[in-house]
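Peer 1: Requesting a structural model of the entry that follows:
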Amino acid sequence: MSNSLVSSSNTLDTQPVREDMQKLMNEAVVLVRDQAKSVEHDFLEPVYAWYQLNARMYPTTTVFLTVFALLSLLPVTSFIAFSSVVFATCISGALTVAVIATGTVCAVAGTFLLFTLALMLGATILITCTYLCALLAYRLYFHAIDEDGRGVEAWVRESFARFGLSESPAEHGAQEHSLQTRKVVKGEDNNSTDGWAAVEQGQIKGVYQVSKPSLNPAHF
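Peer 2: Below is the predicted model of the structure:
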């Protein structure tokens, strides 16, 4: 009893689905028939009428062309299919080879570019280090030899400040630094033998005001 009830319920559940599928199939059949009738009316009937007219007017020529067309149908179809396959294969192969060749050339050029950039980086580092060493050597000469210098200790502190390893001179004695710089630029500081050295001396004066009053180069 229960099995019959389950089967009847399943039948009732699938009935609407079947009806919808049957309706869709009927609509598809009607659509195909309409399209077939349209093709027959618009294309096949005019072609057949034209063929009958030519068969009555030129029977021999019509038979010859008909036989030739039927015999040539298979070779022409085979040629079209073969040409399409060859064309698609050649295009695909050419594109593949072009992509591979382009990628290879770009990879080689990119390698040379990276090598060139590495050389430029090395040259830049070398030039920068040379400039810094020359500047530090000049400042060491000024502080250790020149009478306006403040000694090796001042040079060490100035070098640390230049590379940001200590507080900037502008953060200590900014007013005194500006006054000293203006004096040097205007030529009012006649005691300095080196104008640029005097500017540097004015820049670091605020940092080194807690150092010893005088560091004679002769002590070193």
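
Peer 1: Please report how far residue 93 lies from residue 99.
Peer 2: Distance check for residue 93 against residue 99: by CB to CB, to the nearest Å, it reads 11 Å. No exception for glycine: its C-beta is placed from N, CA and C like everyone else's.

Peer 1: Start and end of stretch 30-48, how far apart?
Peer 2: Start to finish, the residues bounding stretch 30-48 are 25 Å apart (CA to CA, to the nearest Å).

Peer 1: Show the average pLDDT along it.
Peer 2: In this model, stretch 30-48 has a mean pLDDT of 84.

Peer 1: mind listing what's buried in it?
Peer 2: Taking 16 or more other CB atoms under 10 Å as the neighbour-count basis, stretch 30-48 is seen to contain no buried residue.

Peer 1: Which other helices and strands does whichever strand or helix holds residue 85 contact?
Peer 2: Using DSSP states H and E, residue 85 falls within helix 59-145. Taking 3 or more CB pairs under 8 Å, 6 or more residues apart in numbering; DSSP states H and E as contact, the helices and strands that helix 59-145 lies on are helix 45-57, helix 152-162, helix 195-204.

Peer 1: how is the chain carved up into domains?
Peer 2: According to the domain assignment given by automatic domain parsing, the chain is divided into the following structural domains: 2-57, 146-219.

Peer 1: weakest of those by average pLDDT?
Peer 2: domain 146-219 (a mean of 54).

Peer 1: Could I get the helices and strands packed on helix 59-145 in a markdown table, plus columns for distance to residue 69?
Peer 2: Shown next, in a markdown table, are those (distance: least, CB to CB, whole Å):
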| stretch | distance to residue 69 |
| --- | --- |
| helix 45-57 | 11 |
| helix 152-162 | 95 |
| helix 195-204 | 100 |
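
Peer 1: Tell me which of those lies nearest to residue 21.
Peer 2: Of all these, the one in closest proximity to residue 21, counting by CB to CB, is helix 45-57 (34.6 Å).

Peer 1: what helices or strands is the closest one leaning on?
Peer 2: For helix 45-57, the elements it packs on are helix 59-145, judged by 3+ CB pairs under 8 Å, 6+ apart.

Peer 1: Next, the angle helix 152-162 makes with the helix it packs on.
Peer 2: 160 degrees (axes from the mean of the first three to the mean of the last three CA atoms, to 10 degrees).
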